[in-house]
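S.K.: Sequence unavailable; structure follows:
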């Protein structure tokens with residue numbers, strides 16, 4: 001059967017549904033999870049680094065375009081996943097020993113390779129998957145043995161098929177997660193472990209926006225005060241200080257736009273990460289353990305206020321930008337009206353000057369015609385006297401008198417004709 005050619009992205013988009021599958025985990029085992037904040041410029045180095053580790057242990061390396069990779073390297077299993085802002089690594093070792101946190105899975109990974117990992121550490125967690133003890137859970141003794149006596153956060157997971165415990169604390173550079181298996185399948189245990197680790201990762205990634213919001217708050221208060229001062233002055237402003245106010249507004253608007261464009265991604269990313277945290281917690285299907293905070297309660301009490309702060313600062317930033325835009329538009333309109341009024345006054349002044357020049361020109365034309373007539377009549381008089389002296393029967397005085405209207409008409413016509421010729425040339 002012959003079909004049309006595939007879309008270039010068909011296979012890639014279809015495989016996206018199967019990307020980053022969870023590992024099948026069987027108790028007992030130890031796991032170390034690392035999430036490193038990495039710039040896109042480090043992508044090539046990350047791939048080369050993972051490839052070097054695979055080759056060192058005789059395993060095939062990931063393909064150059066791969067975004068995830070998993071392999072059994074002998075002493076440990078590795079799973080590498082690349083995300084938009086961070087890259088995460090899982091190292092899995094079977095067996096637990098007397099205390100799985102005394103000999104974490106990371107000890108099986110070459111130290112020189114770990115030291116050269118590209119990026120900045122965001123999350124480092126030692127986790128253990130152990131069979132659940134037959135006796136009732138004593139979370140106090142578990143806290144003393146594995147978590148330094150800290151207050152635990154935990155719940156039954158997957159409707160009671162497992163128990164997850166952590167304290168969300170970092171000691172010696174690592175946090176700890178303990179997952180007890182009651183009746184989970186290997187795939188289910190892998191999904192639960194992945195969700196627990198993702199909750200911590202997305203929680204910290206969401207909190208990256210909190211220092212930004214806290215840093216913007218004093219500046220926002222100052223900018224809002226500046227805007228209030230400008231709008232107050234705008235009420236009683238006149239044409240002399242309106243340009244100064246407009247300059248202050250445009251500078252303030254430029255600063256707002258600069259900060260909004262610089263931090264817009266961080267705030268939107270925080271909202272997306274927070275949504276992922278909530279979704280992962282829902283997927284745990286928690287069952288309350290008497291005396292312990294569950295993951296939902298811990299997150300809502302500590303992460304939700306931080307996200308509310310970020311949302312509030314983002315909303316203030318956007319609201320301030322809109323108010324400044326409205327004030328700028330209003331002041332710009334007033335400045336434009338003032339300029340149009342000034343231009344109208346200038347045009348009226350130019351019209352008055354043009355009318356005065358026209359009257360002066362007409363006066364000059366009359367004087368010029370009179371002067372030309374005077375000199376023309378004088379020439380006619382000299383000519384008439386000469387002809388009379390030559391014997392012509394002429395009366396010089398009569399000839400002069402008769403020539404005056406003729407010469408005056410010719411002079412006036414000539415001056416007006418010259419003015420018209422010059423006017424056409426100028427146009």
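M.R.: Looks like it came in fine. As the structure is a computational prediction, the values presented were derived from the model and not from experiment. Numbers count the residues shown, from 1 in each chain.
S.K.: buried ones in stretch 204-218?
M.R.: Using 16 or more other CB atoms under 10 Å as the test for burial, stretch 204-218 gives 204, 205, 206, 207, 208, 209, 210, 212, 213, 216. Backbone N, C-alpha and C define where each C-beta goes, glycine included.
S.K.: List the contacts of that stretch.
M.R.: Outside stretch 204-218, the residues within contact range by CB atoms under 8 Å, 6 or more residues apart in numbering are 35, 85-86, 122-123, 259, 263, 266-267, 269-271, 273-274, 277, 303, 306-307, 309-310, 312-314, 317.
S.K.: Quick one: buried ones out of those residues?
M.R.: Of the contacts of stretch 204-218, these count as buried by 16+ other CB under 10 Å: 35, 86, 122-123, 259, 263, 266-267, 269-270, 273-274, 277, 303, 306-307, 310, 313-314, 317.
S.K.: and residue 301, what does it touch?
M.R.: residue 293.
S.K.: For residue 296, grab the count of nearby residues.
M.R.: Using other CB atoms under 10 Å, residue 296 has 16 neighbouring residues.
S.K.: same thing with the one 3 residues further on?
M.R.: Other residues near residue 299 number 21, with proximity taken as other CB under 10 Å.
S.K.: now do residue 60
M.R.: 10.
S.K.: residue contacts, it?
M.R.: Residues near residue 60 by CB under 8 Å, 6+ apart: 54, 71.
S.K.: try 7 Å
M.R.: Neighbouring residues of residue 60 by CB atoms under 7 Å, 6 or more residues apart in numbering: residue 54.
S.K.: ok, so what distance separates it from residue 53?
M.R.: 12 Å (CB to CB, to the nearest Å).
S.K.: Check residue 226 too.
M.R.: For residue 226 relative to residue 53 (CB to CB), the value is 55 Å.
S.K.: Ok, residue 224 next?
M.R.: Counting by CB to CB - residue 224 and residue 53 are separated by 53 Å.
S.K.: again with residue 313
M.R.: As judged by CB to CB, residue 313 and residue 53 stand 41 Å apart.
S.K.: after the strand or helix carrying residue 36 comes which helix or strand?
M.R.: In the assignment (DSSP states H and E), residue 36 maps to strand 29-37. Next helix or strand after strand 29-37 toward the C-terminus (DSSP H and E): helix 43-56.
S.K.: And the next helix or strand past that following helix?
M.R.: From helix 43-56, the next helix or strand downstream (DSSP H and E) is strand 68-72.
S.K.: where exactly do the strands run in the stretch 51-200 of the chain?
M.R.: Using DSSP state E, counting those that start in this stretch, the strands of the stretch 51-200 of the chain run over residues 68-72, 77-82, 86-94, 120-131, 153-157, 162-166, 175-181.
S.K.: quick revisit: tell me which of residue 226 and residue 53 has more neighbours.
M.R.: residue 53 (21 against 17).
S.K.: hang on, the more buried one packs against residue 113?
M.R.: Yes: using CB atoms under 7 Å as the test, residue 53 is close enough to residue 113 to be in contact (5.5 Å).
S.K.: check contacts around residue 35.
M.R.: By CB under 7 Å, 6+ apart, the neighbours of residue 35 are 86, 88, 122, 123, 201.
S.K.: Would you confirm that the second one contacts residue 81?
M.R.: Going back to what we said before, that points to residue 88. Yes: Residue 88 lies in contact with residue 81 (CB under 7 Å); the separation is 5.1 Å.
S.K.: about what we covered before: report the two of the buried residues of stretch 204-218 separated the most.
M.R.: 204 and 216 (20.0 Å; CB to CB).
S.K.: Let's see which of the contacts of stretch 204-218 end up in helices.
M.R.: Secondary structure from DSSP state H places 259, 263, 266-267, 269-271, 273-274, 277, 303, 306-307, 309-310, 312-314, 317 of these in helices.
S.K.: Just put the buried residues of stretch 204-218 in CSV and tack on secondary structure.
M.R.: Formatted as CSV, the buried residues of stretch 204-218 follow (DSSP: H, G, I helix; E, B strand; the rest coil):
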residue, secondary structure
204, helix
205, helix
206, helix
207, helix
208, coil
209, helix
210, helix
212, helix
213, helix
216, helix
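S.K.: so which of those comes closest to residue 397?
M.R.: residue 216 (102.2 Å).
S.K.: quick one: that closest one and residue 328, what's the gap?
M.R.: The value you get for residue 216 to residue 328, if CB to CB is used, is 21 Å.
S.K.: With residue 404 instead?
M.R.: Distance from residue 404 to residue 328, by CB to CB: 72 Å.
S.K.: Same question for residue 163.
M.R.: Taking CB to CB, one finds residue 163 at 59 Å from residue 328.
S.K.: List the buried residues of the strand holding residue 36.
M.R.: Neighbour-count burial for strand 29-37 [16+ other CB under 10 Å]: 29, 30, 31, 32, 33, 34, 35, 36, 37.
S.K.: Who are the contact partners of the residue positioned nearest the centre of the chain?
M.R.: Nearest residue to the geometric centre of the chain (CA atoms, centre = their mean): residue 261, 3.0 Å. By CB under 7 Å, 6+ apart, no residues touch residue 261.
S.K.: tell me the SS of it?
M.R.: Under the three-state scheme (three-state DSSP), residue 261 adopts helix.
S.K.: follow-up on the earlier one: now tabulate the buried residues of strand 29-37 in TSV and tack on distance to residue 236 and pLDDT.
M.R.: Shown next, in TSV, are these (distance: CB to CB, whole Å; pLDDT from 0 to 100):
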residue	distance to residue 236	pLDDT
29	75	95
30	73	95
31	69	96
32	67	97
33	63	97
34	62	97
35	57	96
36	57	96
37	52	93
